[in-house]
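Q: Fold the following, please.
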Amino acid sequence: MSCGCKTSGDSAHSCGPKKTANGCESVNTCGNSYKLSVFDWLSNINNPSSNRCDYVEVRFKNDRKSFYKNVNNIPLHIGSVVTVESSPGHDVGVVSLTGELVKIQMKKKKASEESVLKIYRQANQKDLEVWQEARKKEDGVKLEARKIAHRIGLEMKVTDVEYQGDSSKITFYYTADNRVDFRQLIKEYAGAFRTKIDMKQIGFRQEAAKVGGIGSCGRELCCSTWLTDFRSVNTNVARYQQLSINPQKLAGQCGKLKCCLNYELDSYLDALSNFPSSSTTLDTEKGRAFCIKIDVFKKKMWFAYVDSSMAWYDFDIELVKKLISKNKRGEKILPLEELKQPESSIQTIDLIQENNVDRFEKKNRGNNRNRNQNQNRSNNGQGQQGQGPKKNRPERSERPERQDRQENPNANSGNQQRPQQKQQPKPQPKAQTEKAEASSDPEKKQHNPNKKNFKKKYPPKKDKNA
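A: I've put the predicted structure just below:
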């Protein structure tokens, strides 16, 4: 049977052996299991007074709660299913709170103790069977009620249906923009469902709380999870937060302004208390300027001239207060262009260096050159193995240095002669001989130019014994 845990109210739910004298083990009273739960922070504290609180809070379907008096001193706990007094007949609900906290809740909701109804008993098996059968009919009754209202031509929407515990009354929850004449509708409903009819109008926010859904923030709607009191939200809230008045972005699934606009309103009001009024004007030598924008986080105000409002100038609020005090003394301030201080540009360093397109090529250029030179040297060595042993001779890259040393024996004697050595051009006869050799044998040049030049300059000695 239903016990008040996460699936409370579901006709298919049964706790079975988990249910003890203290209630169901799955009951979570911290506020996360269901929306109407209450955290009983006095549950582990014994009452020092002998007077015991006889009032109990009972919850029903559709966010409905009520207070009842335990006249017969029945041992009740959170999650107990009880049969309570109603008009007409009786109703079935789940206990949501017991103890001294019930009196605090009654004072908060201004419930009088004189008009409190009483608890009959804990629900027996027959009460639960009738209640569960009534809950199964609610979806079909809701669809049939919508068809009847549409046939009559009433501008209303039946949002939800609630059967009383003994099936003696049906409550229809509806939304409508204008007043609705129910005289013909109630006759149709009474003839179709053969029971007492009760109509209750709810707001669009309550409708969204019953339907549920996902908001623009990506989370479940606040009204369907934890929000119980719906405060009015107007467009001034959006203006205080410097938001654009766009109904498509500011409206929630209920069609009204989002409730979350009230969450940070107090913080914005505290921040705006240090700002001058948004209707502030400055008298400058160039003309009058008015405030066109406010940035709450950067604490800046943008001003523009009345004649030419295309150029905006931002100032700190402390500077704006000084300028306003000068205007109050009858002094005109300098033009906005002169008051504007140039902002110091912050040099950013790209540590990852992702902005450079050639970041991979620059790193590998030197490695590719060395790799090509090593490959050429290895190829030259393999080509000369069949011709005979070669003597140890310096490479081509070392030969110009040896010639420079022979021409300038005192090259390393001082640092002043080093730039002169760099400026000396290479001997021209060698370059001319290389060009002549390259033009004389074009076939070898195409095959391996480095090998050809090396053979022409340094022809290996043939071994007669080979």
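Q: Correct me if wrong, but V58 is in a helix.
A: No: looking at V58 with DSSP: H, G, I helix; E, B strand; the rest coil, it is strand, so not inside a helix.
Q: Nearest spatial neighbour of it, chain-adjacent residues omitted?
A: Using Cβ to Cβ, 6 or more residues apart in numbering and skipping residues adjacent in sequence, the residue nearest V58 is G93, 4.1 Å away. No exception for glycine: its C-beta is placed from N, CA and C like everyone else's.
Q: my read: that neighbour touches S80, true?
A: No: applying Cβ atoms under 8 Å as the test, G93 and S80 come out as separate, 9.7 Å apart.
Q: These two: who's more crowded?
A: Applying other Cβ atoms under 10 Å to G93 and S80 shows that G93 carries more neighbours, namely 28 against 23.
Q: What about V233, how many residues nearby?
A: Neighbour count for V233, taken as other Cβ under 10 Å: 19.
Q: Which pLDDT value goes with it?
A: With respect to pLDDT, V233 has a value of 91.
Q: Likewise for N46?
A: With respect to pLDDT, N46 has a value of 72.
Q: Please list all residues in contact with M301.
A: M301 makes contact with F275, P276, T280, C291, K293, I294, D295, D314, F315, I317, V320 under the criterion Cβ atoms under 8 Å, 6 or more residues apart in numbering.
Q: Just list whatever residues bridge to the nearest residue to the third one once chain neighbours are set aside.
A: Pointing back at T280 there. Computed as Cβ to Cβ, 6+ apart, the closest residue to T280 that is not its neighbour in sequence is C291, at 5.2 Å. Using DSSP bridges, the beta-bridge partners of C291 come out as F303.
Q: S325 - that's part of a strand, no?
A: No: looking at S325 with three-state DSSP, it is helix, so not inside a strand.
Q: Sheet partners, orientation included, of the strand or helix carrying K200?
A: Under the criterion of DSSP states H and E, K200 resides in strand 196-201. Strand 196-201 pairs in its sheet with strand 169-175 (parallel), by DSSP bridges.
Q: before we move on, back to that, arrange the contacts of M301 in TSV, one row each, with neighbour count as further columns.
A: Shown next, in TSV, are the contacts of M301 (neighbours: other Cβ atoms under 10 Å):
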residue	neighbour count
F275	18
P276	15
T280	17
C291	19
K293	13
I294	17
D295	13
D314	16
F315	20
I317	15
V320	20
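Q: Helices - which of those land there?
A: I317, V320 (DSSP state H).
Q: Take the contacts of M301 and lay them out in CSV including pLDDT.
A: Below are these laid out as CSV (pLDDT from 0 to 100):
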residue, pLDDT
F275, 92
P276, 90
T280, 88
C291, 91
K293, 87
I294, 90
D295, 90
D314, 89
F315, 90
I317, 91
V320, 91
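Q: Can you tell me which of the contacts of M301 lies closest to I170?
A: Proximity of these to I170 (Cβ to Cβ) peaks at I294, which lies at 53.8 Å.
Q: Surely that closest one and S277 touch.
A: No: the pair I294 / S277 is not scored as a contact, 10.1 Å apart, by Cβ under 8 Å.
Q: Would you mind measuring from the residue lying closest to K103 once chain neighbours are set aside to E100?
A: Leaving aside its chain neighbours, K103 sits nearest to C53 (6.1 Å; criterion: Cβ to Cβ, 6+ apart). Computed with Cβ to Cβ, to the nearest Å, the distance linking C53 and E100 is 5 Å.
Q: so where's the chain shaky on pLDDT?
A: For the chain, the stretches flagged by pLDDT under 70 are 1-37, 47-51, 341-466.
Q: domain ranges for it?
A: What automatic domain parsing lists as the domains of the chain is 16-123, 137-202, 209-272, 281-339.
Q: Run through the residues that contact the residue nearest to K103.
A: T98, G99, E100, V102, K103.
Q: Going by neighbour count, which of those are buried?
A: T98, G99, V102 (16 or more other Cβ atoms under 10 Å).
Q: pretty sure the first one contacts V58?
A: I take that to be T98. No: T98 lies out of contact with V58 (Cβ under 8 Å); the separation is 10.1 Å.
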